[in-house]
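Q: What follows is a protein structure lacking sequence information:
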Ligand SMILES: N[C@@H](CCC(=O)N[C@@H](CS)C(=O)NCC(=O)O)C(=O)O
């Protein structure tokens with residue numbers, strides 16, 4: 001498997017690589033950005049560099065978060081790489097929202113494996129993000145066999161809005177196999193089965209059978225997957241976010257966790273005056289970086 005390097009941009013002490021590659025699971029070319037921190041180039045690490053996966057929200061390409069979330073300074077501070085996957089396959093042949101709106105279809109893959117026509121041929125974003133992309137990155141970057149970046153094991157996941165949902169859902173679904181060391185989210189859709197964005201996305205990608213929706217819904221997953229003991233989830237939500245009360249509803253996750261082993265371990269911070277934008281995300285990225293750094297063995 002190979003990646004095409006479309007750009008290599010100096011940023012802070014490291015480099016942002018703008019890549020594309022062929023995905024077998026989504027049957028299409030995919031764009032992905034990877035930030036390699038200063039530690040990668042200084043070769044100062046004896047251990048492979050851990051990775052944080054950042055899943056973006058509706059309408060985003062890998063560029064939005066690369067340009068506006070400011071993970072790079074944090075990556076250099078602690079010594080982790082950041083992977084920014086795309087939010088869906090792209091191209092004229094990729095089926096898009098019949099309503100031509102931005103909340104479904106291209107730019108809105110919802111990180112699920114579609115089971116429905118005409119979506120299922122390309123919209124396999126769950127397998128792409130959690131399986132194929134990490135495996136391909138590992139193969140490409142660690143060709144020599146001497147792994148410098150750990151894309152597979154010492155990894156954490158985070159995301160924004162639809163991507164916050166993707167991070168929570170992927171973390172919990174893979175919790176048993178310890179795939180991700182930690183999970184956080186910025187203004188996530190926590191209860192997609194019960195909000196308009198999720199109802200439209202899941203209805204189309206997964207069909208009308210609500211049990212298929214439940215396997216992805218974080219509010220259902222916390223009830224089924226036992227916390228191992230000390231793991232916490234970190235969430236920030238802006239109080240002035242226009243999507244907060246209708247689409248995101250982070251309180252639903254806290255409510256769903258009550259009486260489960262996750263009770264008291266999901267920290268939702270409602271932050272006054274912040275909206276849904278990257279001004280909000282970039283403000284709290286340092287806190288999320290510090291949170292993940294501990295789980296990745298990069299800080300006390
Ligand atoms: N303003 C967007 C609404 C969708 C939106 O706010 N998307 C969020 C994620 S749910 C985002 O990150 N947009 C891109 C950006 O702010 O750079 C539009 O109308 O296209």
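A: Yep, it's here. Since the model is a prediction, treat every value here as computed from it, not as a measurement.
Q: What residues does the residue in the stretch 1-150 of the chain that the ligand sits nearest to make contact with?
A: Closest approach between the stretch 1-150 of the chain and the ligand, counting by C-beta to the nearest ligand atom: residue 57, at 2.6 Å. The C-beta positions use only the backbone N, C-alpha and C, and glycine is treated the same way. Residues near residue 57 by C-beta atoms under 8 Å, 6 or more residues apart in numbering: 87, 159, 160, 161, 162, 163, 164, 187.
Q: distance of the second one from the ligand?
A: Pointing back at residue 159 there. 10 Å (C-beta to the nearest ligand atom, to the nearest Å).
Q: got a list of what the nearest residue to that residue once chain neighbours are set aside touches?
A: For residue 159, ignoring the flanking residues on the chain, the nearest one in space by C-beta to C-beta, 6 or more residues apart in numbering is residue 55 at 3.2 Å. Neighbour list for residue 55: 85, 87, 111, 129, 157-160, 162-164, 166-167, 170 [criterion: C-beta under 8 Å, 6+ apart].
Q: among the contacts of residue 57, who's most crowded?
A: Neighbour counts for the contacts of residue 57, by other C-beta atoms under 10 Å, peak at residue 159, which reaches 32 neighbours.
Q: Is it correct that it is in contact with residue 189?
A: No. Counting by C-beta atoms under 8 Å, residue 159 does not reach residue 189; the two are 10.0 Å apart.
Q: what touches both of these two?
A: residue 165.
Q: quick one, helices of the protein?
A: Listed in chain order, the helices of the chain (DSSP state H) span 38-42, 62-68, 71-78, 125-127, 133-141, 162-173, 196-206, 210-214, 218-224, 251-257, 278-295.
Q: Name the stretch among those that sits most buried.
A: helix 162-173 (a mean of 28; mean count of other C-beta atoms under 10 Å).
Q: Just list what that one packs against, helices and strands only.
A: If you count contacts as 3 or more C-beta pairs under 8 Å, 6 or more residues apart in numbering; DSSP states H and E, helix 162-173 packs onto strand 51-55, strand 155-159, strand 183-186, helix 196-206, helix 218-224, strand 233-238.
Q: Enumerate the residues of the protein near the ligand.
A: 57, 58, 59, 60, 64, 102, 160, 161, 162, 276, 277, 278 (C-beta under 6 Å from any ligand atom).
Q: Of those residues, which pair is most distant in space?
A: With distances taken as C-beta to C-beta, the most widely separated pair in the residues of the chain next to the ligand is 102 and 278, at 16.5 Å.
Q: In the stretch 51-200 of the chain, where is pLDDT below threshold?
A: Along the stretch 51-200 of the chain, the parts satisfying pLDDT under 70 run over 145.
Q: Could you work out the end-to-end span of stretch 101-118 for me?
A: By C-alpha to C-alpha, to the nearest Å, the extent of stretch 101-118 from end to end equals 17 Å.
Q: Other residues contacting it?
A: With C-beta under 8 Å, 6+ apart, stretch 101-118 has contacts from 55, 58-61, 87-90, 94-97, 120, 123-127, 129, 162-163, 165-166, 169-170, 192, 197-198, 200-202, 204-207, 212, 216.
Q: Minimum distance to residue 32: which of the helices of the chain has it?
A: Of all the helices of the chain, helix 62-68 sits nearest to residue 32, with 5.8 Å by C-beta to C-beta.
Q: picking that back up, any chance of the helices and strands packed on helix 162-173 in CSV with distance to residue 33 as columns?
A: Shown next, in CSV, are the helices and strands packed on helix 162-173 (distance: least, C-beta to C-beta, whole Å):
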stretch, distance to residue 33
strand 51-55, 9
strand 155-159, 14
strand 183-186, 18
helix 196-206, 24
helix 218-224, 26
strand 233-238, 23
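Q: closest to residue 36 out of those?
A: Nearest to residue 36 among these is strand 51-55 (10.0 Å), distances taken as C-beta to C-beta.
Q: Tell me what angle that closest one forms with strand 155-159.
A: 20 degrees (axes from the mean of the first three to the mean of the last three C-alpha atoms, to 10 degrees).
Q: Strand 51-55 pairs with which strands, parallel or anti?
A: Strand 51-55 has the following sheet partners, assigned by DSSP bridges: strand 81-85 (parallel), strand 155-159 (parallel).
Q: So which of those is the most surrounded?
A: strand 155-159 (a mean of 28).
Q: residues in contact with that one?
A: Counting by C-beta under 8 Å, 6+ apart, 50-57, 134, 164-167, 170-171, 179-186, 188, 288, 292, 295-296 sit against strand 155-159.
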